[in-house]
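Chemist: Okay, sequence plus prediction incoming.
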Amino acid sequence: TVEVFLYMSTITPELVKTITKQDVRSDIYAYTNPALSNKAFKVVTSDEHLYMVAERKKKIVNEFQNLMKMSAFDCSINYSKNKLSPENENLICMDYDTENRDNYIYSPSIQDTIDTIDITPEKFVFDLYDKMNIKDKLYYADKKPNAMGKMYLDSVDENAILFTNGDNDTYPLWYAQNVEGVRTDVRVINLSLLPTEWYSSALRRKVFDSEALPLGVPAEKMVAGKRDYVRFFENKSFPQAQFYPLDQVLDYITSDDQSKMQMTNSGELINVFPVKNFSVDVDKAAVLATGYVPAKDTAKIVDKMYWNIGRTGLSKGDLIVLDVISENAKTGWKRPIYWTTTTGSSVYLNLDKYLRHNGLTYQLLPIEANRRMRGMDDMDLLYDKLMNVYEWGNMEEGTMFLDEKAQLVPQNLRSLFVQVADYYSNRGQDDTATAILDRCYASIPESLLPMNLRLKAASADIYYKAGQIEKGDKMLTEAGDDAYEMVNYYKK
């Protein structure tokens with residue numbers, strides 16, 4: 001998407017063919033680079049093909065540079081002659097304001113332009129790229145820090161381990177850390193990449209301000225090709241109703257002892273897990289020392305965490321997550337562990353009853369959560385996140401475009417707003433409840449993202465209870481109109 005403007009020069013189709021005469025779709029190496037001479041006219045690797053593409057691009061860029069230099073040179077040398085032609089009366093030679101008109105090898109830069117127009121680099125970039133219209137959809141280059149990535153990172157405690165799953169809950173966080181330097185104490189771990197050796201091995205090293213992860217299984221036991229996927233195979237010597245320490249289960253799974261392996265029909269020995277009921281010992285004193293359990297919940301800390309893994313197979317990524325949980329518990333719960341709420345329940349390893357909703361994340365705590373509340377045990381914390389901590393970028397302006405994928409997090413947040421408001425409304429704290437709803441519709445307006453009928457009806461109920469009849473009528477009327485439209489649509 002780069003536009004190139006050339007003065008005094010025309011790029012003809014023939015010239016383009018000359019510049020790009022090498023067939024881009026071919027995997028035949030035709031360059032005479034001595035470093036790859038042995039590859040002449042042979043199939044090349046993907047990396048070598050990328051090198052070839054880069055060489056072609058470099059050749060095109062060099063041609064453009066030559067044309068620009070020659071154009072500037074021709075314009076200046078023939079300036080007087082060219083000005084005599086009536087059609088050229090407005091001719092200006094573009095030499096980028098060089099002091100020496102004989103210097104035609106000038107490389108323009110943004111900084112030179114900034115110096116010329118006397119503004120700061122930040123203002124120049126923001127003025128230039130503040131708004132971009134792509135395919136008639138308005139996108140904003142956010143002048144504020146990366147709001148979405150910061151929201152996720154602000155949903156975890158210091159020195160946290162945060163498991164993510166897809167692009168939308170990973171890249172904003174990586175950008176916030178790598179570019180903006182936000183919350184570099186947090187270790188963001190993408191579960192989709194975790195089964196790969198190159199990625200999981202990086203967990204054993206310090207990154208930014210995040211120390212190496214607590215891992216008990218040696219690296220050599222998790223290399224590519226080993227234990228990529230292990231299956232459940234019931235061992236009659238282990239009573240299935242009993243719960244087994246997680247670290248011992250992992251030792252069994254990663255053991256090279258053939259007596260702990262299972263032979264397949266093809267005669268291959270493979271690792272298996274013989275039980276599904278796991279447990280983790282909880283050192284209450286260590287948990288309290290971390291300070292991330294609210295004072296009102298300290299009495300709820302359990303002596304042991306018990307759960308059924310609910311799987312017949314575990315990937316290498318699952319084993320690493322379980323290893324982190326096990327080793328972190330053994331070393332004093334020093335690293336709070338979280339999953340983003342958008343990862344999906346399939347990655348929680350059936351630990352749902354120990355997950356607490358912290359806004360955009362679920363935190364693993366040795367406290368049995370209120371399953372009916374879906375982990376929203378600390379409403380005061382959620383209130384603080386929504387009202388005081390989270391920043392909304394440009395969403396509150398209501399004019400940016402959100403595609404299908406980008407709508408997921410705002411939809412979840414809007415639902416969270418209404419659930420928290422409903423909690424306070426049911427306890428007679430009407431001012432708090434309506435303040436939350438007002439913030440919801442101001443931060444994520446309907447012009448940005450339509451609201452579903454259930455949330456509108458619930459909002460109307462909260463407003464009515466608080467005596468704010470006008471707002472309740474507006475919500476209920478809109479919900480009714482939307483429902484009527486939907487009925488007519490489906491009747492057709």
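Modeler: Cool, the structure landed.

Chemist: Show me which positions of stretch 226-242 end up buried.
Modeler: If you call a residue buried by 16 or more other C-beta atoms under 10 Å, then stretch 226-242 has these buried ones: Arg227, Val230. (C-beta placed from N, C-alpha, C; glycine too.)

Chemist: er, stretch 423-437 actually
Modeler: Tyr423, Tyr424, Ser425, Gln429, Asp430, Thr432, Ala433, Thr434, Ala435, Ile436, Leu437.

Chemist: mind listing which of these are in helices?
Modeler: Using DSSP state H, Tyr423, Tyr424, Ser425, Asp430, Thr432, Ala433, Thr434, Ala435, Ile436, Leu437 are the members of these that sit in helices.

Chemist: where does Leu408 land on pLDDT?
Modeler: pLDDT, Leu408: 84.

Chemist: Also Pro13?
Modeler: Looking at Pro13, its pLDDT reads 55.

Chemist: now do Asn488
Modeler: pLDDT, Asn488: 91.

Chemist: Could you check how many residues crowd around it?
Modeler: By other C-beta atoms under 10 Å, the residues close to Asn488 number 9.

Chemist: Could you do Glu446 as well?
Modeler: Glu446 has 12 neighbouring residues, counting by other C-beta under 10 Å.

Chemist: cool, and the one 3 residues further on?
Modeler: Counted with other C-beta under 10 Å, the burial measure for Leu449 works out to 16 neighbours.

Chemist: Roughly how far does the nearest residue to it once chain neighbours are set aside sit from Gly344?
Modeler: Spatial nearest neighbour of Leu449, excluding adjacent residues (C-beta to C-beta, 6 or more residues apart in numbering): Pro410 at 5.4 Å. Note on Pro410: its distance to Gly344, by C-beta to C-beta, to the nearest Å, is 18 Å.

Chemist: the more surrounded of the two?
Modeler: Per other C-beta under 10 Å, whichever of Pro410 and Gly344 has more neighbours is Pro410, with 17 against 12.

Chemist: contacting residues for the more buried one?
Modeler: When contacts are counted by C-beta atoms under 8 Å, 6 or more residues apart in numbering, Pro410 touches Met395, Leu402, Ile444, Leu448, Leu449.

Chemist: Determine which two of these are furthest apart.
Modeler: Spatially, the most separated pair among those is Leu402 and Ile444, at 9.7 Å (C-beta to C-beta).

Chemist: quick one: which of these two has more around it?
Modeler: Set Leu402 next to Ile444 and count neighbours by other C-beta under 10 Å: Ile444 wins out with 22 against 17.

Chemist: Just to check, the more buried one is in contact with Ser415?
Modeler: No. Distance between Ile444 and Ser415: 10.6 Å, which falls outside the contact criterion (C-beta atoms under 8 Å).

Chemist: thinking again about what came up before, give me the three-state assignment for the residue nearest to Leu449.
Modeler: For Pro410, the assignment made with DSSP: H, G, I helix; E, B strand; the rest coil gives helix.

Chemist: just to revisit the earlier point, make CSV out of the buried residues of stretch 423-437 and add pLDDT and distance to Ser85.
Modeler: What follows is the buried residues of stretch 423-437, written out as CSV (pLDDT from 0 to 100; distance: C-beta to C-beta, whole Å):
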residue, pLDDT, distance to Ser85
Tyr423, 95, 79
Tyr424, 96, 78
Ser425, 96, 79
Gln429, 97, 80
Asp430, 96, 79
Thr432, 97, 76
Ala433, 97, 76
Thr434, 97, 73
Ala435, 97, 71
Ile436, 97, 71
Leu437, 96, 70
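
Chemist: which other residues reach stretch 266-279?
Modeler: Contacts to stretch 266-279, defined as C-beta under 8 Å, 6+ apart, come from residues 227, 230-235, 237-238, 240-246, 249, 252-255, 258, 260-264, 304-311, 314, 322.

Chemist: Can you read off the backbone torsions of Gln363?
Modeler: Taking degrees, to the nearest 10, you get phi -100, psi 130 for the backbone angles of Gln363.

Chemist: Tell me where this structure has strands.
Modeler: Applying DSSP state E to the chain gives strands spanning 131-134, 137-140, 161-164, 187-190, 229-232, 244-245, 261-263, 269-273, 277-281, 304-308, 313-315, 337-340, 355-357, 361-364.

Chemist: To Asp380, which of the ones you listed lies closest?
Modeler: Among these, strand 355-357 comes nearest to Asp380, with 12.5 Å by C-beta to C-beta.

Chemist: Any figure for the gap between the most centrally placed residue in the chain and Thr340?
Modeler: Centroid check for the chain by C-alpha atoms, centre = their mean gives Thr170 as the closest residue, at 2.0 Å. As judged by C-beta to C-beta, Thr170 and Thr340 stand 9 Å apart.

Chemist: residues bridging contact with the two, i.e. touching both?
Modeler: Shared contacts of Thr170 and Thr340, defined by C-beta under 8 Å, 6+ apart, are found at Thr164.

Chemist: Could you measure from Thr298 over to Gly291?
Modeler: As judged by C-beta to C-beta, Thr298 and Gly291 stand 10 Å apart.

Chemist: How about Ser210?
Modeler: Distance from Ser210 to Gly291, by C-beta to C-beta: 19 Å.

Chemist: again, but for Lys69
Modeler: 65 Å.

Chemist: Could you do Lys260 as well?
Modeler: 40 Å.

Chemist: ok, the two, which is more surrounded?
Modeler: Neighbour comparison, Lys260 and Gly291: the larger count goes to Lys260, with 16 against 11 (by other C-beta under 10 Å).

Chemist: That one touches Val249, doesn't it?
Modeler: No. With contact defined as C-beta under 8 Å, Lys260 does not reach Val249; the gap is 11.1 Å.

Chemist: nearest residue to Lys300 other than its sequence neighbours?
Modeler: Ile367 (4.6 Å).

Chemist: now the strands of the chain in JSON lines, with mean pLDDT and distance to Leu215?
Modeler: What follows is the strands of the chain, written out as JSON lines (pLDDT from 0 to 100; distance: least, C-beta to C-beta, whole Å):
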{"stretch": "strand 131-134", "mean pLDDT": "44", "distance to Leu215": "43"}
{"stretch": "strand 137-140", "mean pLDDT": "44", "distance to Leu215": "41"}
{"stretch": "strand 161-164", "mean pLDDT": "96", "distance to Leu215": "11"}
{"stretch": "strand 187-190", "mean pLDDT": "95", "distance to Leu215": "12"}
{"stretch": "strand 229-232", "mean pLDDT": "95", "distance to Leu215": "17"}
{"stretch": "strand 244-245", "mean pLDDT": "97", "distance to Leu215": "17"}
{"stretch": "strand 261-263", "mean pLDDT": "92", "distance to Leu215": "22"}
{"stretch": "strand 269-273", "mean pLDDT": "94", "distance to Leu215": "17"}
{"stretch": "strand 277-281", "mean pLDDT": "97", "distance to Leu215": "15"}
{"stretch": "strand 304-308", "mean pLDDT": "97", "distance to Leu215": "19"}
{"stretch": "strand 313-315", "mean pLDDT": "95", "distance to Leu215": "16"}
{"stretch": "strand 337-340", "mean pLDDT": "96", "distance to Leu215": "13"}
{"stretch": "strand 355-357", "mean pLDDT": "93", "distance to Leu215": "22"}
{"stretch": "strand 361-364", "mean pLDDT": "95", "distance to Leu215": "16"}
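
Chemist: Great, nothing more from me.
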